[in-house]
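*Asks:* Fold the following.
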Amino acid sequence: MRSSRLLSILLLLQTRRRLTARELADELEVSLRTIYRDVDALAAAGVPVYADQGRAGGYRLVEGYRTRLTGLNEQEAAALFLVGMPGAAAALGLTEQTSAAELKLLAALAPDQRDRAGRLKNRFHLDLPAWYQDAETSPYLAQVADAVLHDRRIRVLYRRWEAPREVERVLEPYGLVLKNGSWYVVSATTNGMRTYRVSSILELTPTEEEFERSEGFDLAGFWQEHLDQFDQVRFTGQAVVRVSARLAAKMHDVSFPLLVKAVAAAEPAGDGSVTATVPIESIPNAAAAFCRFGNAVEVLEPPELRDELAALARTLLDVYES
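*Replies:* Model prediction:
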């Protein structure tokens with residue numbers, strides 16, 4: 001809408017002090033002719049905007065002029081928490097609202113505060129996905145976010161890890177959590193509060209059915225409790241391993257946090273090797289994790305894990321010695 005664009009031009013000039021017509025057109029994704037008309041409209045409305053001529057010229061406001069039209073609309077206020085996280089904002093379909101909210105926040109600051117905020121933005125960057133993996137994508141993330149914001153039920157077809165793999169669920173979404181590039185929706189169900197990976201939603205049907213949230217629900221607190229419980233159930237046993245002195249001296253370069261933590265807590269032997277106890281999820285999972293270290297890590301217990309590693313080694317020999 002034109003009124004929104006006029007306000008954006010005004011706030012851009014207030015925060016950046018001087019901009020050319022081309023810079024304004026690029027920022028607002030409109031034509032130069034539209035910018036010329038809009039600036040004329042601002043001047044006609046009494047806004048003290050004028051043009052500097054020459055190569056270093058552009059539009060600017062009279063020194064000292066500040067508008068107070070910096071109020072956030074409902075969508076921009078909702079997007080405030082995403083300022084500084086453009087990737088997350090884009091995934092939720094809130095890029096435009098987040099940019100507008102950031103612009104209005106900057107416009108409300110004094111010039112020195114605005115300069116400091118600009119320096120911080122340019123010198124600190126948040127990169128959420130973990131190494132060696134891309135952020136997950138889901139065609140339904142924006143719809144889930146909309147249901148979260150408006151307290152509306154959604155019907156989903158969900159793919160889980162246990163049989164039956166595909167199940168239908170009616171969710172009352174309380175909140176979204178972004179962890180290492182993966183989105184999770186925390187929802188109330190007939191079986192209590194549950195967590196669902198958004199990328200595992202195969203189909204989603206929005207509804208107009210509103211639900212009432214439990215008073216005092218703490219999303220961050222619930223998520224931490226969920227993580228604690230997950231750690232308790234995912235580890236089914238322990239492995240006792242002997243780490244060679246050579247590998248023990250390079251633990252800071254090892255991308256296996258459970259092993260690193262276990263080695264740090266153990267006392268090295270006289271030859272520099274370390275015997276440590278590492279929690280494991282399952283025998284196959286542990287075998288796959290330890291085999292990549294070759295003879296630098298020897299599993300001492302349990303016997304079934306040693307057998308699994310021996311069987312894995314034999315299959316590799318069959319492949320590479322044939």
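
*Asks:* For the rest of this, base every contact and every neighbour count on C-alpha atoms.
*Replies:* Fine.

*Asks:* which parts of the helix or strand harbouring Ala288 are buried?
*Replies:* Per DSSP states H and E: Ala288 is located in helix 283-291. Applying a neighbour-count criterion of 16 or more other CA atoms under 10 Å, one finds 283, 286-287, 290-291 buried in helix 283-291.

*Asks:* next SSE after it?
*Replies:* With elements assigned by DSSP H and E, the helix or strand that comes after helix 283-291 is strand 297-301.

*Asks:* tell me the angle that following strand makes with helix 283-291.
*Replies:* On the basis of axes from the mean of the first three to the mean of the last three CA atoms, to 10 degrees, strand 297-301 is oriented at 150 degrees to helix 283-291.

*Asks:* Give me the helices and strands touching strand 297-301, please.
*Replies:* On a contact count with 3 or more CA pairs under 8 Å, 6 or more residues apart in numbering; DSSP states H and E, strand 297-301 meets strand 237-243, helix 303-320.

*Asks:* want to try TSV for those, with distance to Trp131 and mean neighbour count as columns?
*Replies:* Formatted as TSV, the helices and strands packed on strand 297-301 follow (distance: least, CA to CA, whole Å; neighbours: other CA atoms under 10 Å):
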stretch	distance to Trp131	mean neighbour count
strand 237-243	25	18
helix 303-320	27	13
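
*Asks:* ok, back up a step: what about the helix holding Ala288, distance to the chain center?
*Replies:* Chain-centre distance of helix 283-291: 29 Å, with CA atoms, centre = their mean, to the nearest Å.

*Asks:* any idea how far Tyr196 is from Leu92?
*Replies:* Tyr196 sits 16 Å away from Leu92, going by CA to CA, to the nearest Å.

*Asks:* Rounded mean pLDDT for the longest strand seen in the chain, please.
*Replies:* Looking across the chain with DSSP state E, the single longest strand is strand 166-179. Mean pLDDT, computed over strand 166-179, is 93.

*Asks:* neighbouring contacts of that strand?
*Replies:* Here strand 166-179 makes contact (CA atoms under 8 Å, 6 or more residues apart in numbering) with 128-129, 144-145, 147-148, 151-160, 183-189, 211, 213, 219.

*Asks:* From these, which land in helices?
*Replies:* The helices, defined by DSSP state H, take in 144-145, 147-148, 219 from these.

*Asks:* Now, of the residues you listed, which are buried?
*Replies:* Neighbour-count burial (16+ other CA under 10 Å) applied to these gives 144-145, 147-148.
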